[in-house]
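Novice: What follows is a predicted structure for the sequence shown.
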Amino acid sequence: MFLAPYFSKQNQSICVSAQQASDFAKKIAQDFNPIHDVGAKRFCVPGDLLFALVLTQYGLSQNMKFSFAGMVGDGVELQFPEQVGADFSICDSRDKVYLNVSRQGDVSRCDAQTAAFIQQYVAFSGHNFIDILIPLMEQHQVMINPERPLVIYESMSFDLITLDFVDVRLSLVGQALTIAGKRGDVTLHFELHCGERLVGTGMKTLVMSGLRPYDPVFAAQMCATYEGRKTEF
């Protein structure tokens, strides 16, 4: 299983260290958000890793929704129950909820299919900042704080027409930014194809806080810093 280096499991408890989370973000997702760095003041485990662990543990259902309720810190002991229903939550040992999951339809337990799906999705997710969010900020003439660029992953969902695929390709088909004061809600719509065949659709939502007027100089600096971290790695 390609996720094995990025978590530790004992019985039904799963822990992710800061180093494992950072390695997943950079090596698998190509995500260089500083909140996934070892020692970061506001460190958190990537939401995409939690998503990937759920699929690996419980399979790929035709219809799934993931709603993030909290930021997972270094070494938090997460409980992954052996049996779950259509709606369940991932909590820590003190019952604090970090992720709510809903699922419906047929379920695939094919490791190759699940791995391909995870890798395509997290690769798309890792390119959100430079390729999608910066152009949206410029379009709406707002931006996040360049000194503390924080974007929170709120939810994602997908609906698969069929589970009859192995290789899958994800493409962005729509994007929107809704602004309310200093908060910006980003909605991304995507399609999933196997070859030329449409096999599903999905949606991801993000929250940008502390919005301020767009400044092209600071925006360029944010991009350069991000790309510099990627090159350095």
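Specialist: Thanks, I have the structure now. Numbers count the residues shown, from 1 in each chain.
Novice: gap between the closest residue to residue 221 other than its chain neighbours and residue 213?
Specialist: Counting by Cβ to Cβ, 6 or more residues apart in numbering, residue 146 is the residue found nearest to residue 221 once chain neighbours are left out, at 6.2 Å. Placement of C-beta: from N, CA and C, glycine included. Remark: distance between residue 146 and residue 213 (Cβ to Cβ, to the nearest Å) = 12 Å.
Novice: Which of the two has more residues huddled nearby?
Specialist: Using other Cβ atoms under 10 Å as the criterion, residue 146 and residue 213 rank with residue 146 on top: 15 against 7.
Novice: who's in contact with the more buried one?
Specialist: For residue 146, the contacting residues are 215, 218, 219, 221, 222, taking Cβ atoms under 8 Å, 6 or more residues apart in numbering as the criterion.
Novice: Restricted to strands, list those.
Specialist: When strands are assigned by DSSP state E, not one member of the contacts of residue 146 lies inside them.
Novice: Tell me the one among those nearest to residue 168.
Specialist: Proximity to residue 168 was ranked across the contacts of residue 146 by Cβ to Cβ; first place goes to residue 222, at 31.3 Å.
Novice: center of this structure - which residue?
Specialist: Central residue of the chain (Cα atoms, centre = their mean): residue 48, 3.4 Å from the mean position.
Novice: Make sure that one is indeed in a helix.
Specialist: Yes. Using DSSP: H, G, I helix; E, B strand; the rest coil, the assignment for residue 48 is a helix.
Novice: how much space between it and residue 216?
Specialist: Taken as Cβ to Cβ, the spacing of residue 48 relative to residue 216 amounts to 30 Å.
Novice: Check residue 86 too.
Specialist: Here the distance between residue 86 and residue 216 works out to 47 Å (Cβ to Cβ).
Novice: Let me see the ranges of the helices in this protein.
Specialist: For the chain, helices defined by DSSP state H occupy the ranges 18-23, 47-58, 111-126, 128, 134-140, 216-232.
Novice: would you turn those into JSON lines with distance to residue 8?
Specialist: What follows is the helices of the chain, written out as JSON lines (distance: least, Cβ to Cβ, whole Å):
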{"stretch": "helix 18-23", "distance to residue 8": "8"}
{"stretch": "helix 47-58", "distance to residue 8": "11"}
{"stretch": "helix 111-126", "distance to residue 8": "19"}
{"stretch": "helix 128", "distance to residue 8": "28"}
{"stretch": "helix 134-140", "distance to residue 8": "35"}
{"stretch": "helix 216-232", "distance to residue 8": "26"}
